[in-house]
Each structure stands twice: as C-alpha cells, then as structure tokens.
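1. Next come a sequence and a model predicted from it.
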Amino acid sequence: KDMSSGGFMEYNSREWKFNIGGIYVGDDFQSDLGFIRRNDIVTLNPAATRIFYPAGSKINTHTLEVRGSSTWSPDLDFQYTDGMVDFEYQIAFRDQSKIEMALNHRYTYLLDDFDPTGSEDGTPLPAFSEYNYTKFDFTYESDNRKDFSFVARADVGEFFNGYKYSLTSDFRFRVQPYFTASFRSSLNYIDLPDPYPTEAVWFVGPKVEITFSKNLFWSTFIQFNSQDEDFSINSRLQWRFRPLSDLYVVYNDNYKTTPFSPGYRALIVKFTYWINI
C-alpha cells in the first residue's frame with residue numbers, strides 16, 4: 001500500500017478524440033517531492049469528443065464532449081466514493097470568442113462529516129451518507145486577443161442535499177506591453193435544508209501588473225475571501241539582471257475581517273542565478 005501508479009491513453013483525429021486514464025494511490029503512499037490530495041483510491045477517467053467544422057460560417061467549430069470519472073476506496077472493500085458525468089457543448093467563433101454549455105452530474109459518498117459552506121457553527125452533513133446532484137452551467141468568453149476581454153459564467157442546480165447558485169467573472173484590460181489589470185470575482189449561494197446551513201460565499205481578486213522595461217516588472221494581487229474571512233495583499237518586484245537570473249522582493253500582508261485584525265506580514269527576498277558551465 002506504499003506505492004502509486006497511473007496510466008493514460010489517447011486517440012486523436014481531426015473529428016474524434018477518445019482518452020482514458022487511471023490512477024492508483026495506496027493508503028500508505030507518501031510523496032517526498034510534493035503532496036497527495038487523497039490516499040487509498042482507484043480512479044478511472046474516460047472521455048469522448050466529437051468536433052464539427054461548419055463551412056462558410058462565423059462559427060469555427062462545434063464540439064460535443066462527454067467525460068466521466070469514478071473513484072473507489074480499496075481499503076473500504078472498494079466502496080464507490082465519487083462519480084462524475086459531464087456533457088458539454090462548446091461553440092468556438094472565428095473571432096476567438098466561445099460559448100460553452102454543460103450538464104454536470106455528481107455522486108459523493110462522504111467518509112467524514114462535512115459542511116459544504118465552510119461555516120464555523122453550521123451542522124455538517126453526516127459521514128457515510130451519499131448524494132446525487134446535477135447542475136447546469138453557461139460560460140461566455142470574449143476574444144482574449146483584444147485589449148479588453150472577459151469571461152462570465154453562471155451555474156445553477158443541486159448541491160449535495162440542497163441547491164447552489166454561482167456567478168463568476170474575470171475582466172481583463174491591457175496596454176501592451178506595459179500594463180495589465182484584471183478583476184476576478186465569484187459569488188456562490190449555497191442553500192441547504194434545515195438544520196444544515198445556508199451561506200453566500202464571496203471571492204474578489206483584483207490584480208495589476210506593470211512592465212517598466214524588459215528586465216523590471218511589478219505585480220500586486222489583492223484577495224478577499226468571505227468563507228475564510230481573509231483579506232490579503234501580495235506585491236512582488238522582479239529584476240531580471242541576466243538571462244534566467246532574477247532578484248525578487250515580495251511583500252505579503254494578511255488580515256482577518258471579522259473582527260478586522262492583522263494576521264501576518266512578511267518581506268521576502270529571493271535570489272536566483274543561472275550558472276552556465
């Protein structure tokens with residue numbers, strides 16, 4: 001049980017694409033060069049895609065895709081713990097904008113008590129309970145070659161034993177090659193029946209990047225997460241004084257918002273130098 005393995009196989013033509021992958025992670029497996037999100041699993045991931053190329057149209061391609069994923073726990077007599085089936089339809093226009101519609105079905109068997117809202121005092125869903133839930137999502141992505149572009153997404157549907165409604169957006173503006181600004185935001189409203197909690201979870205993340213020259217760059221990222229009641233700032237100055245050799249000066253500042261109080265501050269200096277022998 002101290003080993004892991006995996007495999008992947010794909011067939012790809014102009015109109016068809018088939019692939020299948022599998023992963024095994026033993027219950028005692030440890031990664032000395034990284035981390036493992038979950039032990040004691042066997043996972044199988046098949047997918048099939050069909051691409052259409054309409055002639056004389058503003059549409060570049062239509063794509064139909066179906067993906068699946070199934071996970072079992074060997075140490076629990078191969079208990080089926082997670083399942084996914086996704087049906088997706090994507091339209092790619094010749095101006096590089098895209099529309100995607102998807103129907104997603106999930107199965108979850110909880111191995112521990114779990115609160116989907118992440119609240120501190122909410123009643124968690126009990127361990128060893130199972131849930132089947134389905135949602136629909138719609139995504140529009142504009143032409144990202146333009147100076148102003150955006151991605152907008154809406155999700156609605158079931159979530160465990162309740163419902164979830166989500167709105168996500170990402171706006172980007174750039175003045176090449178000197179300036180880039182983006183603003184990411186998301187709202188997830190999770191509505192579970194009594195006695196389980198109902199929660200609105202916000203995320204806001206603006207980012208600014210400035211290029212002073214070919215060798216000097218500055219970026220600042222601000223993030224607010226209502227679920228963790230966390231507000232943080234990350235600002236980084238990068239000086240590339242020779243190829244593949246950099247000096248970074250990074251400032252991190254973090255606060256808790258309820259009540260508003262300092263979390264931690266850090267000033268970090270990182271130096272990399274490429275030795276070309």
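-> Here it is on my side, so go on. Here the structure is a predicted model, which is why all the values come from computation and not from measurement.
2. Please make it C-alpha for all contacts and neighbour counts, starting now.
-> Fine.
3. Quick one: mean pLDDT over the helix or strand hosting residue 48.
-> Assigned by DSSP states H and E, residue 48 belongs to strand 41-52. Confidence over strand 41-52 (mean pLDDT, whole number) is 97.
4. List the buried residues of stretch 52-68.
-> Neighbour counts over stretch 52-68 (16 or more other Cα atoms under 10 Å) mark 59-68 as buried.
5. Give the other helices and strands that the strand holding residue 48 contacts.
-> strand 16-25, strand 59-73 (3 or more Cα pairs under 8 Å, 6 or more residues apart in numbering; DSSP states H and E).
6. between the next helix or strand after the last one and strand 59-73, how many degrees?
-> Towards the C-terminus, the helix or strand next in line after strand 59-73, according to DSSP H and E, is strand 79-93. Angle, strand 79-93 to strand 59-73, by axes from the mean of the first three to the mean of the last three Cα atoms, to 10 degrees: 170 degrees.
7. Can you lay out the helices and strands packed on strand 41-52 as TSV showing mean pLDDT?
-> Below are these laid out as TSV (pLDDT from 0 to 100):
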stretch	mean pLDDT
strand 16-25	97
strand 59-73	96
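8. Kindly reformat these as CSV and extend each row with distance to residue 82.
-> Formatted as CSV, those follow (distance: least, Cα to Cα, whole Å):
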stretch, distance to residue 82
strand 16-25, 14
strand 59-73, 5
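9. Out of those strands, which gets nearest to residue 179?
-> Nearest to residue 179 among these is strand 59-73; the distance by Cα to Cα comes to 30.7 Å.
10. and the closest one with strand 16-25, angle?
-> 20 degrees.
11. Off-centre distance for strand 59-73?
-> Distance of strand 59-73 from its chain centroid, counting by Cα atoms, centre = their mean, to the nearest Å, is 17 Å.
12. What distance do you get for residue 249 to residue 83?
-> Here the criterion is Cα to Cα, to the nearest Å. By it, residue 249 lies 44 Å from residue 83.
13. who's more crowded, the two?
-> residue 83 (19 against 15; other Cα atoms under 10 Å).
14. how far away is that one from residue 14?
-> Residue 83 is 29 Å from residue 14, by Cα to Cα.
15. what's the answer for residue 62, then?
-> 13 Å.
16. Can you check the pLDDT for the closest residue to residue 136 other than its chain neighbours?
-> In space, and not counting its chain neighbours, residue 136 is closest to residue 103: 4.7 Å by Cα to Cα, 6 or more residues apart in numbering. pLDDT for residue 103: 98.
17. Enumerate residues external to the helix or strand containing residue 103 that contact any of its residues.
-> Using DSSP H and E, residue 103 sits in strand 98-109. For strand 98-109, the external contacting residues (Cα atoms under 8 Å, 6 or more residues apart in numbering) are 80-92, 128-143, 160.
18. Could I have the buried ones of those residues as PyMOL selection syntax?
-> To isolate the buried members of the contacts of strand 98-109 in PyMOL, using 16+ other Cα under 10 Å:
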select buried, resi 80+81+82+83+84+85+86+88+89+90+91+92+130+132+133+134+135+136+137+138+139+140+141+142+143+160
